[in-house]
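> Make a model of this:
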Amino acid sequence: MPLSAYAAVFPGFIQTLKALDAILDKAGSEASERKIQPEVLLSSRLAPDMLSFTRQIQLMSDFAKNAAARVSGAENPRFPDEEKSFEELKARIAKTLDFIASVDKAALDAGLDKDVTFPRGPSATVTMKGVDYLTRFAVPNFYFHATTAYDILRENGFQVGKQDFLKGVFDA
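Numbering: from 1, shown residues only. Here you go, the predicted structure:
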């Protein structure tokens with residue numbers, strides 16, 4: 001039996017979004033215990049030319065929802081990038097999970113052979129087949145931003161480990 005687009009990609013997105021949701025709880029508690037203002041952590045970055053922790057979570061959310069919408073042909077919801085707290089980032093993750101759950105799985109498979117056109121920067125677009133967009137653009141970018149968010153916490157001394165990042169992988 002062939003592997004569906006949904007089965008190949010979205011359970012991993014869902015598991016990682018849920019893991020980052022739990023990591024946000026852990027980071028919020030630890031920030032409070034360590035008397036670190038949340039906005040300090042939310043604006044942290046690995047290097048001066050990299051995006052902040054908040055932006056990493058926003059982009060992770062965007063790559064998951066955009067992949068679901070663009071490949072399936074569903075209406076792509078707009079999530080304004082206005083989150084300023086752990087709670088608001090958690091709400092964004094919840095909206096992303098709700099949207100992914102609403103997408104027609106058969107439409108995802110049908111979209112693999114269709115052209116997907118998406119922005120590349122402020123003034124250009126790129127067109128790829130759905131399968132290439134999903135596997136060569138959306139998936140790598142999703143995991144890049146998820147890993148970078150995790151790494152920002154580690155760089156700031158937060159007690160998160162690989163098991164936090166992989167939370168849910170071994171649950172039945």
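
> Can you list the low-confidence ranges for this structure?
Along the chain, the model assigns pLDDT under 70 to residues 1, 168-172.

> again, only this time at 90
Scanning the chain for pLDDT under 90 picks out the ranges 1-5, 7-8, 29-31, 36, 38, 120-122, 154, 156-172.

> Work out which residue lies at the spatial centre of it.
Closest to where the C-alpha atoms of the chain average out (CA atoms, centre = their mean) is residue 60, at 2.3 Å.

> From what I see, it and residue 150 are in contact.
No. In this structure, residue 60 sits apart from residue 150 without contact. The criterion is CB atoms under 8 Å, and the distance is 10.2 Å. The way it works is simple: take the backbone N, C-alpha and C, and place the C-beta from them, glycine included.

> and for these two, which residues touch both?
A shared contact of residue 60 and residue 150, defined by CB atoms under 8 Å, 6 or more residues apart in numbering, is any residue touching both; here these are residue 20.

> unless I'm mixing things up, residue 164 is touching residue 21, no?
No. Applying CB under 8 Å as the test, residue 164 and residue 21 come out as separate, 11.0 Å apart.

> Which one of these two is surrounded by more residues?
Neighbour totals were compared for residue 164 and residue 21, and residue 21 leads with 20 against 17 (other CB atoms under 10 Å).

> The more buried one contacts residue 93, correct?
Yes. Contact status for residue 21 versus residue 93: in contact at 4.8 Å, counting by CB under 8 Å.

> Tell me which stretches of the chain form strands.
Listed from the start of the chain, the chain has strands (DSSP state E) covering 115-119, 125-129.

> Tell me which of those strands lies nearest to residue 74.
Taking CB to CB as the criterion, strand 115-119 is the member of the strands of the chain that comes nearest to residue 74, at 12.3 Å.

> separation between the residue lying closest to residue 24 once chain neighbours are set aside and residue 36?
With CB to CB, 6 or more residues apart in numbering as the measure, residue 86 is the residue that lies nearest to residue 24, at 5.0 Å, once sequence neighbours are left out. Residue 86 sits at a distance of 12 Å from residue 36 (criterion: CB to CB, to the nearest Å).
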